[in-house]
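In: I need the structure of the sequence given here:
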Amino acid sequence: MPFTATARRALKFVGNQAANAVVGRTVRAQLDSANSAGPTRFDCVVYFADEPSSAYQLRQWFAPLARLARTHRVALLVHRPTTAAELLKDSPLPIFLAQGIDQVEQFIQDKSVRLVFYVNNNRDNFTVLRLTGQVHVHLSHGESDKISMASNQLKAYDYAFIAGQASRDRIMGSVRRMDPAKLVEIGRPQLDNAANKTVDGGGRNGTDGRERTTVLYAPTWEGDRPAMAYGSLASHGVGMVEAILADPRYRLIFRPHPRTGVRMPAHRAAAKEISALIEEAEKRSPGAGHYVDRRADFTVAMAQADVCVCDLSAMAMDWLPRRKPLLLTQPVDPAAAVDSNGIAGAVPLLKAEDARRAPLIMADLLSQPVGQAQLNLIRHHFGDTSPGASTRRFVDAVDRALED
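Out: Below is the predicted model of the structure:
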């Protein structure tokens, strides 16, 4: 008899529990050793309750948090041993493991923690939010027009650090009785210096001597419900990539979302097929420079690219300060919530039936200046994007929160 979806979820849960138990003993020993000579108190901690596949949400805050750590002691407080093991690979901050609310409370008390950050709205956050002696700050993990960006859950935090005016308008227009004083605009610290980063751009990376325009295809995952079905892998991806790889004018960087396929096998299969297509294309044209990007730092691929194709996501917003052409995929699920007054109304949209025409459409975009409507989005979403400006706003916002 085939497994039901409920049975598969139950087996996955049991498997995860077992993995956490096995990894937990080893990880605790590693953490104890790494933290033995560290601080005994921390001003700020980031509480992260998610599984390793969501570690990207925390990793993108590493640089801003490391900057904050120059003036305030900062640590990561992780719920799952498997996630702690993953973060141990590259975290610039001390990591501690707290697998239950009693362990969290003990850590908060022993380390004299004054402020707790959260990078998502995991339900486990809300067991920690009941603590009344600390300032609770929601950071999120990206700025986008996704429907999830305006949540009633934001009311639970003392402050929500948001990117800019667009985020404020989105939240205040959707969340009833939201206190505007809770919303603190800090820009997007992750993008500091990214807009000016130069990393072996374009086809000059290749070894075949051909000049190519570098395309970054960075689709989001399939989402957890129809209203969040923004991912284009299963609808646009394979056909578009085949057309790009067949056109000698282009070099392709494919950057799939870390959570691709966790809910829908069709997206996982499309990502696997695209990776195989890229591998085969490199065999046919050695040195063309096509590759799959799985680095933690998304700004490296952005710096190499001349044009970006992505879905309605934070990646689309993060591309804006580069002031280069952007092609946004149009979701095929009619239930996907798309704000026509947002980025979807300011940049060209690529329909699924036009996916194989993407090389021609990109050539047209590259032949003319970026539209003013796209450029206007930069300040509206992020405010001042000069190097270092957002990080300074972030640190200043933390200082003010700690004064409460």
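In: give me the distance between Leu350 and Ala344.
Out: Separation of Leu350 from Ala344 (Cβ to Cβ, to the nearest Å) stands at 11 Å. Backbone N, C-alpha and C define where each C-beta goes, glycine included.
In: spit out the residues that contact these two alike.
Out: Common contact partners of Leu350 and Ala344 (Cβ atoms under 8 Å, 6 or more residues apart in numbering): 328, 330.
In: okay, now the domains of this protein?
Out: Per automatic domain parsing, the structural domains of the chain span 14-192+388-402, 194-379.
In: okay, these in CSV with mean pLDDT and mean neighbour count next?
Out: As requested, the domains of the chain are exported to CSV (pLDDT from 0 to 100; neighbours: other Cβ atoms under 10 Å):
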stretch, mean pLDDT, mean neighbour count
domain 14-192+388-402, 93, 18
domain 194-379, 92, 19
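In: and stretch 111-125, how far apart are its ends?
Out: Distance between the boundary residues of stretch 111-125 (Cα to Cα, to the nearest Å) amounts to 19 Å.
In: identify the residues contacting that stretch?
Out: Residues outside stretch 111-125 that contact it (Cβ under 8 Å, 6+ apart): 40-50, 54, 57-58, 61, 75, 77, 79, 107-108, 128, 131, 134-141, 151, 153, 157, 398, 401-402.
In: rerun at 7 Å
Out: 41-50, 57-58, 61, 79, 128, 134-141, 151, 153, 398, 401-402 (Cβ atoms under 7 Å, 6 or more residues apart in numbering).
In: which of those residues fall within strands?
Out: Residues of these located in strands (DSSP state E): 44-48, 135-138.
In: those residues: which two are farthest apart?
Out: Spatial extent of the ones in strands among the contacts of stretch 111-125 (Cβ to Cβ) is set by the pair Phe48 and Val135 at 17.4 Å.
In: need the contact partners of stretch 180-190.
Out: Applying Cβ under 7 Å, 6+ apart, the external contacts of stretch 180-190 come out as 60, 63-64, 143, 157, 159-164, 168, 171-172, 318, 382-385, 389-391, 393-394, 397.
In: hey, C-alpha coordinates of that stretch in CSV?
Out: Written as CSV, here are the backbone C-alpha positions of stretch 180-190 (Å, rounded to 0.1, in the frame of the first residue of the first chain):
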residue,chain,number,x,y,z
PRO,A,180,3.4,52.5,12.9
ALA,A,181,5.9,53.2,15.7
LYS,A,182,6.8,49.5,15.7
LEU,A,183,8.1,49.8,12.1
VAL,A,184,11.7,51.0,11.9
GLU,A,185,13.2,51.6,8.4
ILE,A,186,16.8,50.5,8.1
GLY,A,187,17.2,49.8,4.4
ARG,A,188,18.8,46.5,3.3
PRO,A,189,22.2,46.1,5.1
GLN,A,190,22.9,42.9,3.1
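In: one step back: return the subset of the contacts of stretch 180-190 lying in strands.
Out: Going by DSSP E, the strands hold 159-162 from these.
In: among the residues you listed, which one sits closest to Ala314?
Out: Once Cβ to Cβ is applied, the member of the ones in strands among the contacts of stretch 180-190 that ends up nearest Ala314 is Ile162, at 12.7 Å.
In: residues touching that closest one, list them.
Out: Going by Cβ under 7 Å, 6+ apart, Ile162 touches 168, 183-185.
In: same question, Leu277
Out: Leu277 touches 241-242, 245, counting by Cβ under 7 Å, 6+ apart.
In: on that earlier part again, adding distance to Pro92, write the ones in strands among the contacts of stretch 180-190 out as TSV.
Out: TSV is the format used below for the ones in strands among the contacts of stretch 180-190 (distance: Cβ to Cβ, whole Å):
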residue	distance to Pro92
Tyr159	24
Ala160	24
Phe161	20
Ile162	24
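In: which of those residues lies closest to Asp192?
Out: When these are compared against Asp192 (criterion: Cβ to Cβ), the nearest one is Phe161, at 14.7 Å.
In: hang on, the closest one packs against Glu143?
Out: No - with contact defined as Cβ atoms under 7 Å, Phe161 and Glu143 do not form a contacting pair (10.9 Å).
In: any idea how far Met264 lies from Leu328?
Out: Between Met264 and Leu328 the distance is 21 Å, computed by Cβ to Cβ.
In: that older thread, Gln30: which of the contacts of Ile162 is nearest?
Out: Distance to Gln30 across those (Cβ to Cβ) is lowest for Val184, with 35.4 Å.
In: confirm that closest one sits in a helix?
Out: No - counting by DSSP: H, G, I helix; E, B strand; the rest coil, one finds Val184 to be strand, located in no helix.
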